[in-house]
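Visitor: curious how this folds, go ahead:
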Amino acid sequence: MLSKQPIPWEDRPADSKEVMWRFSKNPIIGRYHTAISNSIFNSAVVPFEDGYAGVFRCDDRSIRMNIFAGFSKDGINWQIEDTPIQMSAGNTDLLESEYKYDPRVVFIEDRYWVTWCNGYHGPTIGIAYTFDFKKFYQCENAFLPFNRNGVLFPKKINGKYVMLSRPSDNGHTPFGDIYLSQSPDMKYWGEHRIVMKVTPFPESAWQCTKIGAGPVPILTKEGWLLFYHGVIHTCNGFRYSMGAAILDEHQPDIVKYRSRPYLLAPAAPYELMGDVPNVVFPCASIYDEAGRIAIYYGAADTVTGLAFGYIDEIIDFVKNNSL
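Guide: Just a heads-up that it's a prediction; the model follows:
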């Protein structure tokens, strides 16, 4: 999301030729950042008032998954609530939930919309809205179970709300492609279309098992820039990395370009070791008018990190290294 205030930023290291680089002070949020947390990761951040607000996945020390509000002046140093978000009725009175995890947040028209993986007889996509990150109003679940990685576009397209998601199963899904769905009212969803499928092994092996949308797409001169995670199943388990694609501005189920190489893969100690090793999982991005971008990502399903880049360089990378 475009920020009018200074974004978290660190220049590319002098000895680096990478398109994206890690913050030298990662992780910015540790696993014990709150009084009850076992881990804080896969969370969403947006500019808000004179700073930033976010919705954070915090698993407690019973490993109960829930989402919590947080605030920051600089996008790096965070104060996160010790109690989970309590939902009020929006367009539904169905507020029961077995769990909540992996939120995304986007501003559309006059409010902030939150999507997350909602436990309702299995994982589905929960939706809520807020004006102040203090009171949240829950809406109907978007889809039938099983589904994950619900990511809204930041504006209506052809008069409708549009969401990306990944239909899945009820476990640690060993498959998954990205689909697009549309809604006239943020309650009833349909017109489902395939966007991207996994790549055949070994054409681009880092994304050959499953893929899922990451941060909210960014509208650029080339179309919608979408960061996503890709997964390969290795002898050591799943390995999550980050890539990017460019979708058509008016028909975002059309992929114009898609990166063959990844942009960021597990390499730092806090990405290689944790509750779930070998995970880089992007969930939020903030960019400024100069084209600098900061991406928040979960590392090893344990802590939260930041990575930086330039939007124009990322677009060139995707176009020049496209499948």
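Visitor: and the residue positioned nearest the centre of the chain, what does it touch?
Guide: In the chain, the C-alpha nearest the mean C-alpha coordinate belongs to Cys283, at 2.1 Å (C-alpha atoms, centre = their mean). Counting by C-beta atoms under 8 Å, 6 or more residues apart in numbering, Cys283 makes contact with Asn42, Ser43, Ala44, Asp102, Pro103, Arg104, Gly214, Pro215, Tyr296, Tyr297, Gly298. Any C-beta I mention is one placed from the backbone N, CA and C, and that applies to glycine too.
Visitor: any idea of the pLDDT on the second one?
Guide: On the pLDDT scale, Ser43 is placed at 98.
Visitor: let me see the contact set for the residue nearest to it when sequence neighbours are not counted.
Guide: In this structure, Ser43 finds its nearest non-sequential neighbour in Phe56, 4.0 Å apart by C-beta to C-beta, 6 or more residues apart in numbering. The neighbourhood of Phe56, defined by C-beta under 8 Å, 6+ apart, consists of Ile29, Ile40, Ser43, Ala44, Ile67, Phe68, Ala69, Gly70, Trp78, Ile80, Pro103, Thr304.
Visitor: host element of the closest residue to the first one other than its chain neighbours?
Guide: Using C-beta to C-beta, 6+ apart and skipping residues adjacent in sequence, the residue nearest Ile29 is Thr304, 3.9 Å away. Counting by DSSP states H and E, the element that carries Thr304 is strand 303-310.
Visitor: run through who's touching that strand.
Guide: 8-10, 12, 19-23, 26-31, 39-41, 43, 56, 76, 263-264, 268, 270-271, 274, 291-299.
Visitor: before we move on, what about stretch 176-185?
Guide: Residues outside stretch 176-185 that contact it (C-beta under 8 Å, 6+ apart) are 142-143, 148-149, 157, 159-168, 189-198, 209-213, 228, 231, 252-253.
Visitor: swap in 6 Å and give it another go.
Guide: 160-166, 168, 189, 191-197, 210-211, 213, 253 (C-beta atoms under 6 Å, 6 or more residues apart in numbering).
Visitor: likewise for stretch 111-123?
Guide: Against stretch 111-123 from outside (C-beta under 6 Å, 6+ apart): 55, 67, 97-106, 124-131, 141, 145-146, 148, 150, 152, 170.
Visitor: and if you look at stretch 261-273?
Guide: 19-20, 27, 206, 241-244, 278, 280, 299-300, 303, 307, 321.
Visitor: circling back to that earlier point, pretty sure the residue nearest to the centre of the chain is in a helix, no?
Guide: No - with DSSP: H, G, I helix; E, B strand; the rest coil as the criterion, Cys283 is assigned strand and is not in a helix.
Visitor: number the residues from 45 up from this point.
Guide: I'll keep to 45 as the first residue from here, and by that count the last item is Cys327.
Visitor: okay, it: pLDDT?
Guide: 98.
Visitor: got it, and the one 4 residues further on?
Guide: We have a pLDDT of 98 for Tyr331.
Visitor: check Gly215 too.
Guide: 89.
Visitor: surely Arg192 meets Arg210?
Guide: Yes - in this structure, Arg192 is within contact of Arg210 by C-beta atoms under 6 Å, at 5.2 Å.
Visitor: residue boundaries of the helices in the stretch 245-367 of the chain?
Guide: Along the stretch 245-367 of the chain, counting by DSSP state H, counting those that start in this stretch, helices occupy 313-316, 355-364.
Visitor: export those helices as JSON lines, with columns for distance to Thr264.
Guide: Output for these, formatted as JSON lines (distance: least, C-beta to C-beta, whole Å):
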{"stretch": "helix 313-316", "distance to Thr264": "27"}
{"stretch": "helix 355-364", "distance to Thr264": "6"}
